[in-house]
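# What would the 3D arrangement of this be:
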Amino acid sequence: EYTAPPCMVGKDTVIISCAHATQITCDTGIYVFEIGCPENLDPVYPISLACNDSVYVGNLSGWWSPEIIQTAENGESRIILEPTDGAGVFYRPDPGFEGLDYVKVSINLGADTLLYLFQVYCDLTVGNQEVSAKPVVFYPNPAGAQLLIQDAGQLLDARVYNQQGQLCPAPAKDRDGGFIIETEHLPTGFYFVIITTKQGTRLRGSFIKG
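Prediction:
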């Protein structure tokens, strides 16, 4: 059984290697899955939050008739209608849950579908190091060929990690008081960024590569 990650478009591969004693009932081989995305999931909203925390994303309007069409699998999710005709998505992960969860919301009577990705972390592990750090925002998000960091102080270093905590090839460079991370060659998916400034401050953020 294979379930594609949210927002992933492309190929994924599973390699099955059977023990000698089970060759009769097990097929050794390489399984390649071609993943498409027929739904209109634009835009996508990636949000990161800590374990046992909650978040409210108030980017909707009550006039859009927002409705959750796929609830979170590992937490509580609901639409909150504000007295001022605003609206948003509330999400609270299950106690102790760590990982990626998501919620799909339809607006305008089902004409459009929005995807909210919730990356829940306890202690983010990158390599052999656990990182708890101040968050920072990147844009555009989802990213294309480049990701811009602003207001990050005097940035010394920026490193990109995938969800398995592996360092990814995505070099950073100065540009007009901010920093650019080259994301063109990253596969589609969800990534963390750990930033170190010249003042010794550590910043953390996340983004989606579209």
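# Now do the SS call for the residue nearest to the spatial centre of the chain.
In the chain, the residue lying closest to the centroid (CA atoms, centre = their mean) is Phe190, at 3.9 Å. Counting by DSSP: H, G, I helix; E, B strand; the rest coil, the backbone at Phe190 sits in strand.
# Identify the residue nearest Ala4 in space, chain neighbours excluded?
Ile35 (4.7 Å; CB to CB, 6 or more residues apart in numbering). C-beta here means a position set from N, CA and C on the backbone, and glycine is covered the same way.
# My understanding was that that neighbour contacts Lys11; is that so?
Yes: Ile35 is within contact range of Lys11, at 7.0 Å (criterion: CB atoms under 8 Å).
# Please enumerate the shared neighbours of those two.
Counting by CB atoms under 8 Å, 6 or more residues apart in numbering, Ile35 and Lys11 have no contacts in common.
# burial count for the residue nearest to Ala4?
When neighbours are defined as other CB atoms under 10 Å, Ile35 has 14 of them.
# I'd like the distance between it and Asp101.
19 Å (CB to CB, to the nearest Å).
# got any ranges where the chain has weak pLDDT?
For the chain, the stretches with pLDDT under 70 are 6-9, 19-25, 37-43, 123-137, 150-154, 163-164, 175-178, 199-202.
# switch to 90 and redo it
Along the chain, the parts satisfying pLDDT under 90 run over 1-55, 57-58, 83-84, 95-102, 109-210.
# I figured Lys209 hits His185, correct?
No: if you go by CB under 8 Å, Lys209 and His185 don't touch, sitting 9.6 Å apart.
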